Each structure stands twice: as C-alpha cells, then as structure tokens.
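Novice: Structure, please.
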Amino acid sequence: MSSIHIFESMVPCMYTFTHSIGLSGLPSAAEIRQIVFVDEQGFSDEYDDIDPVAHHLVLFSDGKPAATARLFCDSGTVWHIGRMAVLREFRGIGLGAMVMSELEKKAAELGATEIVLSSQKQASGFYEKLGYEPFGEEYLDQHCPHISMRKFLS
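Specialist: Numbering: from 1, shown residues only. Below is the predicted model:
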C-alpha cells in the first residue's frame with residue numbers, strides 16, 4: 001500500500017490515493033463497495049475471483065475513504081476498470097473523475113492501449129464525459145441495465 005498524488009480543489013480538502021494489488025490489502029475499498037453496491041443498490045454478487053489479483057485504489061478525502069475502483073488486464077493491452085464507487089456524501093464534486101484519471105494513468109504504465117468498462121446505463125453519461133464510448137448491446141447485470149464502454153489511450 002502506498003499513498004500517492006495530492007490534489008487540491010475549490011473545497012479545502014486534501015485528496016490522496018492508496019493502491020493495493022488484491023482487495024485484502026485495502027479493506028477501505030471493500031467497505032465502500034459494500035455500502036454503494038450491496039447496501040444502496042442491492043447487488044448480491046459484489047466480490048469475485050478477480051478481486052485477489054486486481055489493482056485496487058481508494059481515494060481519501062482528508063484521510064476519510066471516499067471512492068474506489070479496480071483495474072485488471074482483460075487481455076493483452078486491453079485493461080478493465082470496474083467496481084467504481086463513490087460514497088454518497090462525496091458525490092458530485094469530481095472524485096469519480098479523479099479515480100478514473102488515476103487508474104487510466106496506472107493502466108498506461110502497465111502497457112494498456114485500451115480501457116474497457118461495464119457501466120450501469122444510468123452512469124454512462126459520466127463515462128462519456130471522460131472520453132469513453134459505448135459499444136455493443138445493452139444487457140442486464142443483477143437486474144440492472146448496463147452497457148460496455150471503451151476508451152483508446154494515446
């Protein structure tokens with residue numbers, strides 16, 4: 001685990017990132033996912049066999065866990081960002097975009113030329129603003145409409 005990057009925003013807060021390979025090395029990531037995906041959204045299959053091998057990230061706001069996501073290799077130079085979650089009290093202030101930017105940088109360092117993700121349909125506009133484009137057909141994941149999206153890295 002290591003803290004990197006400090007961000008300043010219009011709100012007087014300090015933002016730091018902590019990375020870990022494997023979810024067990026970053027319990028705050030599991031806690032955020034439990035609150036957002038299981039408690040708030042009612043998903044039941046939140047944790048999977050990718051968690052032990054994925055790169056996990058937590059963004060802390062003034063030392064408090066605020067947002068998380070994970071990154072893993074899909075195949076070759078295509079990497080996947082998933083399980084992106086921001087706690088309710090931190091939504092709408094740009095933390096999700098900060099998490100995505102940090103993971104895109106990490107993916108590029110690891111040799112990615114393309115990033116894919118599975119967006120809840122209601123969140124696809126967020127990803128489109130970050131340069132992601134939808135592809136394929138809409139599908140249901142745990143009874144929630146999703147769409148695949150991708151972004152090519154330069």
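Novice: rest of the way, CA atoms for contacts and neighbours
Specialist: Will do.
Novice: you'd agree residue 135 is up against residue 128?
Specialist: No. Proximity of residue 135 to residue 128 does not meet the contact threshold set by C-alpha atoms under 8 Å, at 11.7 Å.
Novice: Which of the two has more residues huddled nearby?
Specialist: The neighbour comparison of residue 135 against residue 128 (other C-alpha atoms under 10 Å) goes to residue 128, with 14 against 11.
Novice: List the buried residues for the strand or helix carrying residue 29?
Specialist: Using DSSP states H and E, residue 29 falls within helix 27-33. By neighbour count with 16 or more other C-alpha atoms under 10 Å, helix 27-33 contains the buried residues 28-30, 32-33.
Novice: Adding distance to residue 56, write those residues out as JSON lines.
Specialist: Shown next, in JSON lines, are those (distance: C-alpha to C-alpha, whole Å):
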{"residue": "28", "distance to residue 56": "10"}
{"residue": "29", "distance to residue 56": "7"}
{"residue": "30", "distance to residue 56": "10"}
{"residue": "32", "distance to residue 56": "12"}
{"residue": "33", "distance to residue 56": "11"}
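Novice: of the residues you listed, closest to residue 146?
Specialist: Nearest to residue 146 among those is residue 33, at 17.5 Å by C-alpha to C-alpha.
Novice: For residue 127, see how far away the closest one is.
Specialist: Relative to residue 127, residue 33 is positioned 19 Å away (criterion: C-alpha to C-alpha, to the nearest Å).
Novice: cool, and residue 29?
Specialist: In this view, residue 29 and residue 127 are 20 Å apart by C-alpha to C-alpha.
Novice: go on, residue 58?
Specialist: Relative to residue 127, and taking C-alpha to C-alpha, residue 58 is found at 19 Å.
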